[in-house]
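Undergrad: Sequence first, then the predicted structure:
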Amino acid sequence: MTDSIQGDVVGTDAANLDLHVDPATPPPAQNKFSGFARGQMGLILSAVVLLLIAPSLLSEFRLDLLAKYACFAMIAIGIDLAWGYGGMLVLGQGVFFGMGGYVMGMYMKLAEAGPGNLPDFMTWSGVEELPLIWEPLKYAWLAIPLVIIMPMLFAFLLGSLIFRRRVRGPYFAILSQALAAAFVILIIGQQGATGGTNGLTNFTNFFGIDLNDTASSTSSLYYIAIIALGICYVIGRQLVRSRFGRLLIASRDQEERVRFLGYNPATIKTIAYAVAAGMAGLAGALFVPIVGIISPALMGIVPSIEMVIWVAIGGRATLWGAVVGALVVNWAKTGLSEKFPSFWTYFLGLLFIVVVAYFPAGLAGLIKSTIGKLKEFTPSGPSKAPADKPATEGAAG
């Protein structure tokens, strides 16, 4: 059964998903400008721009902003994997972002306080003993994996319960949104253990990086964020180009057909949901030292919806479009708020309306259509007749 799915992802439309590929039929020939080669070239070009050109051109403030946007782009890749390719409208990714952020923030607070001491906010809140949930986070070897494992495990358990009952569409979206609201209420209610509405802040050190020395810490954290973004992108790209990616797309468009062929769409969706949660957790963990805070305001319903908007603006089912959407929307948000502090939100809303109304495929679709139109106007050489057939063959018919 599993041998019936061969090759690479041929598209994001159910009509293109031929799950019965004849092994005897050779794959179409690809030249050096095939989709795979263009993807490799794009990765190399992006790495050069982000790792070499951007740090030399941007100021320290702008570089710090770009590092923050890179964290947002990691979340967007995960959302695109779950929503764009899997059809799961996830409106609660702020929960997993917050999980990773709070785990990293707790570890940093304990490391700064020193052995046997309590974090500063606990002293202010009158806490006299370290809460039990903080105990495992004293150790870096445990805290670092937990920023990814904890969100993935939570998403896997939740997805197993939801998708096995065939909950999907708006019902799944409402459930994920309710999860975000409940998690925020839980965090705010535990003032002594989580900092309440203020969250965790005033960090000074991140694994030997002095956060008070902004000149060196900004560039170090920027490179860490860009490398992490690249890893997330490569993982997402490999997944969607694999057999699993084809099954994920098929589960989105023809779930009953996938089930009829012997696969379990619930398991496929659960894995994609867990991977997206892990990426959001990693983004939250890096967001903490870069921005210097993690609070319930960053993980509620509104931030979770905004994360989905990044993908909608960039373009669903195109991982690079999700990255572009996250970068463009947040860069526009910063730029508009600086130039028009009184009514920048109206311009941002107008941007959302224009893209959704006139470019439903997002910025990625706009770029693809523009390139396609340019190719139509590119002059091509005269076509040659096949060597083994006369040039006039079929002319009389």
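TA: Ah, there it is.
Undergrad: gap between the residue nearest in space to the middle of the chain and A228?
TA: Nearest to the geometric centre of the chain sits I77, at 2.4 Å (Cα atoms, centre = their mean). Going from I77 to A228 by Cβ to Cβ, to the nearest Å gives 11 Å. Every residue, glycine included, has its C-beta placed from N, CA and C.
Undergrad: Am I right that the residue nearest to the centre of the chain is in a helix?
TA: Yes - under DSSP: H, G, I helix; E, B strand; the rest coil, I77 falls within a helix.
Undergrad: got the contact list for it?
TA: Going by Cβ atoms under 8 Å, 6 or more residues apart in numbering, I77 touches 229, 232-233, 236, 279, 319, 322-323.
Undergrad: Counting only strands, which of those make the cut?
TA: The members of the contacts of I77 all map outside strands under DSSP state E.
Undergrad: And the residues you listed, which is closest to G208?
TA: Nearest to G208 among the contacts of I77 is L229, at 21.8 Å by Cβ to Cβ.
Undergrad: unless I'm mixing things up, that closest one is touching F72, no?
TA: No - the criterion here is Cβ atoms under 8 Å, and L229 misses it with F72 at 9.6 Å.
Undergrad: ok, the two, which is more surrounded?
TA: The residue with more neighbours, out of L229 and F72, is L229; 28 against 22, by other Cβ atoms under 10 Å.
Undergrad: Local confidence estimate at that one?
TA: Listed pLDDT for L229 reads 96.
Undergrad: swap in D213?
TA: For D213, the pLDDT comes out at 89.
Undergrad: Would you quantify the distance from it to T204?
TA: Distance, D213 to T204, using Cβ to Cβ: 10 Å.
Undergrad: got it, and L363?
TA: Taking Cβ to Cβ as the measure, L363 falls 39 Å from T204.
Undergrad: what's near enough to touch the residue nearest to S125 when sequence neighbours are not counted?
TA: Of all residues not flanking S125 in the chain, G192 sits nearest, at 4.6 Å (Cβ to Cβ, 6 or more residues apart in numbering). Shown in contact with G192 (Cβ under 8 Å, 6+ apart): 122, 125-127, 131.
Undergrad: Below-threshold pLDDT in this protein: ranges please.
TA: 1-36, 39, 378-397 (pLDDT under 70).
Undergrad: Let me see the ranges of the helices in the stretch 201-350 of the chain.
TA: 214-241, 243-253, 255-260, 265-291, 301-314, 319-339, 344-358 (DSSP state H, counting those that start in this stretch).
Undergrad: Could you say which of those helices is packed most deeply?
TA: helix 265-291 (a mean of 26; mean count of other Cβ atoms under 10 Å).
Undergrad: so what secondary structure elements neighbour that helix?
TA: Judged by 3 or more Cβ pairs under 8 Å, 6 or more residues apart in numbering; DSSP states H and E, helix 265-291 is in contact with helix 60-79, helix 93-113, helix 140-163, helix 214-241, helix 243-253, helix 255-260, strand 293-294.
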